[in-house]
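Q: What follows is a predicted protein model with its sequence.
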Amino acid sequence: MLARIATFLYGVVCYVIFFVTFLYAIGFVGNLVVPKSIDSGPAVPLVEALLIDTLLLSLFAIQHSVMARQWFKRAWTKIIPQPMERSTYVLLASLVLSLLFWQWRPMREVIWDVQNPTGQIVLQGLFWMGWGGVLFSTYLVDHFSLFGLKQVYLNLKGLPDEPTPFKTPALYKVVRHPLYLGFIIAFWSTPRMTLGHLFFAAVCTAYILLAIQFEERDLIEFYGDSYRKYRTQVSMLLPVRFGKR
């Protein structure tokens, strides 16, 4: 029981760290409130900024993708208990993101600067809609399982962790990956786009498109024909369909 309590507390701490990191990410991308944002910090030569920022984004992409793969999970859970696997993934992802926020080098050259009040309101509205869509999408699929709390709670109670059944609620009937779509909208929706922000948005969008391919392979392996049929019926990111895929 002491081990179960410790595992539960570990999961709670990991969740709190994640949620603080998520809130900081909103401020970081939107240049809001936080002490270090995407356009703040000491100026460095362009090549240096590109190299450092590419390294930071690559580090997150590698950690986020490799640890999400089934083969890694099977190996990883031989080292740490199964109930802690998701919480540990969330913790490491949060720490890598925190490193990115801390060490990010701004590139302040302005790509566009919307001065029209209506245009500013629309872009700011899309920014908040994107982040809201991200959070809402996590609750549609199982927020607490996605971030490890459900696993440590069930372990505390001595209950089995049953696989999540395949379901397509609300936004998932319109696009297969509303969570990723929310991120893309949030990253690109800004009245004032700097070179650093553009680089961040472009690299993250490219990573999302690549990550979806790996994720869908895992989903097909896990859900089989149910997911294959879903792919033929619902588009990946845009709420319109072009051809059969």
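A: Received the coordinates, thanks.
Q: what about the strands in the chain?
A: With DSSP state E applied, the chain shows strands at 110-113, 192-194, listed in chain order.
Q: Could you dump the ones you listed into TSV with mean neighbour count added?
A: All C-beta spots, glycine's among them, are computed from the backbone N, C-alpha and C. As requested, the strands of the chain are exported to TSV (neighbours: other C-beta atoms under 10 Å):
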stretch	mean neighbour count
strand 110-113	12
strand 192-194	18
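Q: Residue 30 is nearest to which of those?
A: Comparing the strands of the chain by their distance to residue 30 (C-beta to C-beta), the top pick is strand 192-194, with 10.5 Å.
Q: Leaving out sequence neighbours, find the closest residue to residue 149.
A: Ranked by C-beta to C-beta, 6 or more residues apart in numbering and with sequence neighbours excluded, the top spatial neighbour of residue 149 is residue 15, at 5.2 Å.
Q: So for the one you found, what's the pLDDT?
A: pLDDT for residue 15: 97.
Q: Okay, it and residue 143: tell me how far apart.
A: Residue 15 sits 10 Å away from residue 143, taking C-beta to C-beta, to the nearest Å as the criterion.
Q: Quick check: the gap between the residue nearest to residue 149 and residue 150.
A: Here the distance between residue 15 and residue 150 works out to 10 Å (C-beta to C-beta).
Q: Please enumerate the helices of this protein.
A: Under the criterion DSSP state H, helices of the chain are mapped to 2-30, 46-66, 70-76, 85-103, 117-141, 143-146, 149-157, 178-188, 195-223, 225-233.
Q: ok now do the residue nearest to residue 149, which residues does it touch?
A: Applying C-beta atoms under 8 Å, 6 or more residues apart in numbering, one finds that residue 15 lies in contact with 87, 90, 147-149.
Q: Check residue 22 too.
A: Neighbouring residues of residue 22 by C-beta under 8 Å, 6+ apart: residue 135.
Q: And it, how close does it get to residue 117?
A: Counting by C-beta to C-beta - residue 22 and residue 117 are separated by 29 Å.
Q: again with residue 38
A: Taken as C-beta to C-beta, the spacing of residue 38 relative to residue 117 amounts to 23 Å.
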